[in-house]
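# okay, predicted coordinates and the sequence, questions at the end:
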Amino acid sequence: MTTSKGLEGVVATQSAISSIIDDTLTYVGYDIDDLAINASFEEVVYLLWHQRLPKADELAELKQQLADNMSVPQAVLDHFKTYDIKKVHPMAALRTAVSMIGLFDEEAEEMNPEANYRKAIRIQAKIATLVTAFARIRKGQEPIAPKSDLSFAANFLYMLSGENPADIEEEAFNKALVLHADHELNASTFTARVAVATLSDVYSGVTAAIGALKGPLHGGANEQVMKMLTEIGSVDNVDSYINEKLENKEKIMGFGHRVYRKGDPRAKHLREMSQKLTKIRGEEKWYEMSIKIDEIVSGQKNLPPNVDFYSASVYHSLNIEHDLFTPIFAVSRASGWLAHILEQYADNRLIRPRAEYIGPGMQKYVPINER
Ligand SMILES: CC(=O)SCCNC(=O)CCNC(=O)[C@H](O)C(C)(C)COP(=O)(O)OP(=O)(O)OC[C@H]1O[C@@H](n2cnc3c(N)ncnc32)[C@H](O)[C@@H]1OP(=O)(O)O
Ligand SMILES: O=C([O-])CC(=O)C(=O)O
């Protein structure tokens, strides 16, 4: 047996959903650069779930299905008020809330492709409502119902703030959703596949995936990037702050990647949006600080930024609270998790690797009074 710490370089499954080859990311063979510029998030959801782009009527049908399924049971909204909501991280709340909506789904335990697809639609639709409702309830505000004539991206921003987003805001948010939707066998997607490969249900897979995305080495990094930018505070402080961290061998959040070597192709799209949005807000310093950090970390450590780095200043410029950055990642990535869950069910085998044992050799049991 050979051991690969962190399963680096191990190919654990076959998948027809997304690929990373020579630092190029594709969804079902479509280059992420092409999709980021042209596609709506709903089109990408369809692409990931059906492995082809939708025709106009198919896209309209999916949009309608998502709109029809956005409301969540009142009991789930009420449960947000049963704990000290201001002290709870929204990712922890989301993990529980997604599991909880499964309790109200009469098809939760139905294990056939049609029922699983219907659950995928429900989860994708409701996860946006859960995040925005949580964000409002913790501020003492009422949740806002979605508008059926808005896109998924615009609806999310509308349900969060109560205002229709400007075109540039919708464009930026849609792009962020498209860019985060899937990423081959990343840690949270792998988690989802491991969970459902036991033939557990779809809600278990998504709940497990949310738990894995939450950590700062994965999706949680975007919130940590904004924390770092806030701590640095100004372009003048970047040099000393970053160099001190690097000298202390601390990690700079939003940099490095297990798979990409030359760089994450998603980062440039978010960098562009960061530049545009921070300018519109008159808060260019977030972009300027980010660029300077990028120069130092890429230059000195040869570690390019990943998807989490520039998304932080993009979301901040959209007036989004910093601890909602990772839940937003989950809203988008749910589409990828669900695609992988459906793919796993379609050709399932239990996922069960081995561990190389490094503990003591055979020992004889010693009764407790003789130890
Ligand atoms: C959506 C996403 O999940 S993208 C990733 C989001 N996560 C982050 O941005 C957190 C910061 N980055 C990291 O921690 C890592 O780069 C990861 C987790 C993304 C990838 O990790 P791995 O492939 O396991 O690389 P690992 O952590 O072993 O790092 C390899 C070397 O590069 C260094 N390194 C990696 N990332 C960074 C970083 N962000 N800052 C400074 N040094 C780094 C490590 O210290 C290590 O150095 P060493 O060999 O001298 O000990
Ligand atoms: O693929 C990974 O390891 C992490 C990542 O970039 C993602 O999930 O988008």
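That came through fine. Ligands and ions are numbered 1, 2, ... in the order given.
# and the stretch 1-150 of the chain, which residues reach ligand 1?
Gly6 (C-beta under 6 Å from any ligand atom). (Glycine included, C-beta is placed from N, CA and C.)
# find the closest residue to ligand 2 in the stretch 1-150 of the chain.
Residue of the stretch 1-150 of the chain nearest ligand 2, by C-beta to the nearest ligand atom: Ile20 (7.5 Å).
# is it fair to say that residue lies in a strand?
Yes: Ile20: assigned to a strand according to DSSP: H, G, I helix; E, B strand; the rest coil.
# for the strand or helix carrying Leu66, which helices and strands make contact with it?
Under the criterion of DSSP states H and E, Leu66 resides in helix 56-68. On a contact count with 3 or more C-beta pairs under 8 Å, 6 or more residues apart in numbering; DSSP states H and E, helix 56-68 meets helix 41-50, helix 113-137, helix 152-161.
# so can I have a markdown table of these showing mean neighbour count and mean pLDDT?
Listed next are those as a markdown table, based on neighbours: other C-beta atoms under 10 Å; pLDDT from 0 to 100:
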| stretch | mean neighbour count | mean pLDDT |
| --- | --- | --- |
| helix 41-50 | 23 | 98 |
| helix 113-137 | 21 | 98 |
| helix 152-161 | 23 | 98 |
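# residues contacting Ser317?
Ala172, Ser274, Leu277, Thr278, Ile280, Arg281, Glu283, Trp286 (C-beta atoms under 8 Å, 6 or more residues apart in numbering).
# tell me which element the closest residue to it other than its chain neighbours is part of?
Computed as C-beta to C-beta, 6 or more residues apart in numbering, the closest residue to Ser317 that is not its neighbour in sequence is Leu277, at 3.6 Å. Assigned by DSSP H and E, Leu277 falls within helix 267-281.
# buried residues, that helix. List them.
Ala267, His269, Leu270, Arg271, Met273, Ser274, Gln275, Lys276, Leu277, Thr278 (16 or more other C-beta atoms under 10 Å).
# and it, how far from the chain's centre?
19 Å (C-alpha atoms, centre = their mean, to the nearest Å).
# surely Pro165 touches Asn174?
No: between Pro165 and Asn174 there is no contact under C-beta atoms under 8 Å: 9.9 Å.
# give me the common contacts of those two.
Here Pro165 and Asn174 have Ala153, Ala154 as joint contacts, going by C-beta under 8 Å, 6+ apart.
# what ranges do the helices span in the stretch 251-371 of the chain?
Assigned by DSSP state H, counting those that start in this stretch, the stretch 251-371 of the chain shows helices spanning 267-281, 284-301, 307-317, 325-346.
# just the ones you listed: most buried one?
Scoring those by mean neighbour count under mean count of other C-beta atoms under 10 Å gives helix 307-317 as the most buried, with a mean of 27.
# using PDB, write out every CA atom in that helix.
C-alpha atoms of helix 307-317 as PDB (Å, rounded to 0.1, in the frame of the first residue of the first chain):
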ATOM      1  CA  VAL A 307     -10.900  31.900  -6.200                       C
ATOM      2  CA  ASP A 308     -11.300  33.100  -2.700                       C
ATOM      3  CA  PHE A 309      -8.900  36.000  -2.800                       C
ATOM      4  CA  TYR A 310     -10.600  38.600  -5.100                       C
ATOM      5  CA  SER A 311     -14.100  37.400  -4.300                       C
ATOM      6  CA  ALA A 312     -13.700  39.000  -0.900                       C
ATOM      7  CA  SER A 313     -13.400  42.600  -2.100                       C
ATOM      8  CA  VAL A 314     -16.100  41.800  -4.700                       C
ATOM      9  CA  TYR A 315     -18.600  40.700  -2.000                       C
ATOM     10  CA  HIS A 316     -17.600  43.500   0.300                       C
ATOM     11  CA  SER A 317     -18.300  46.000  -2.500                       C
END
